[in-house]
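Participant: okay, predicted coordinates and the sequence, questions at the end:
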Amino acid sequence: MPQAGPWASPGETEDERRPGIYALLFILTREVTVTVGRLGRLDFPGGCYVYIGSGMAGVETRIRHHLRPHPHPRWHLDYLLPHGKPAAIIAGHTSQPLECPLATSLSRQFNVFRRFGSSDCRCRGHLFHHEELPPLESAVLDAFRDLGCQPLILPVSRQQDPAKGPARRRR
């Protein structure tokens, strides 16, 4: 299977244009205050985060968007992610609207940032915080499986060669 992922060139593979959901896990090494669009100035404590989103026109294209710098941010995550370090991406190909059920599942377990990433739905929020990364990753993987969506893990590494794309593994 050709490698694809958030580092691949646009249109490189048909897989990249498949709809799906994703969880972008990242770390803030210190507390930051960020103005996030219409949400205004928000304080984010240091720690580990997971953002839940979807890309119905192509999940890997959406993920790649978030990992690029943005002079004019479009989504809430585009304001916050430049202050953090991406740690992992968990994606799943599906045409089902599973973004909100995934966020709802995580809201039962973790601190949620109200209205972050959820201005177009009724969820409490799509951004979650915890002190440690493993519980977030484990909960996301469990929630994907509970929703019947096979998780695909796309590791993020500063040593990763963006031209080659990430190695893929199923869990």
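Facilitator: On my side now, so go ahead.
Participant: point out where the chain drops to low pLDDT.
Facilitator: Applying pLDDT under 70 to the chain flags residues 1-16, 155, 157-171.
Participant: so which residues of it form helices?
Facilitator: Ranges of helices in the chain, per DSSP state H, are 59-66, 76-80, 99-107, 133-146.
Participant: list the contacts for the spatially most central residue of the chain?
Facilitator: Geometric centre of the chain, nearest residue: Leu24, 2.3 Å, by CA atoms, centre = their mean. Contacts for Leu24 (CB atoms under 8 Å, 6 or more residues apart in numbering) come out as Val50, Tyr51, Gly53, Ile63, His66, Leu77, Leu81, Pro86, Ile89. C-beta: built from backbone N, CA, C; applies to glycine.
Participant: let me know which of the helices of the chain is the nearest to Asp43.
Facilitator: Among the helices of the chain, helix 76-80 comes nearest to Asp43, with 11.4 Å by CB to CB.
Participant: which other helices and strands contact that closest one?
Facilitator: With contacts defined as 3 or more CB pairs under 8 Å, 6 or more residues apart in numbering; DSSP states H and E, helix 76-80 has these neighbours: strand 32-36, helix 59-66, strand 127-130.
Participant: what residues does that helix touch?
Facilitator: With CB under 8 Å, 6+ apart as the test, helix 76-80 has contacts from 24, 32, 34-37, 39, 44, 51, 53, 65-66, 70, 73, 116-117, 119, 127.
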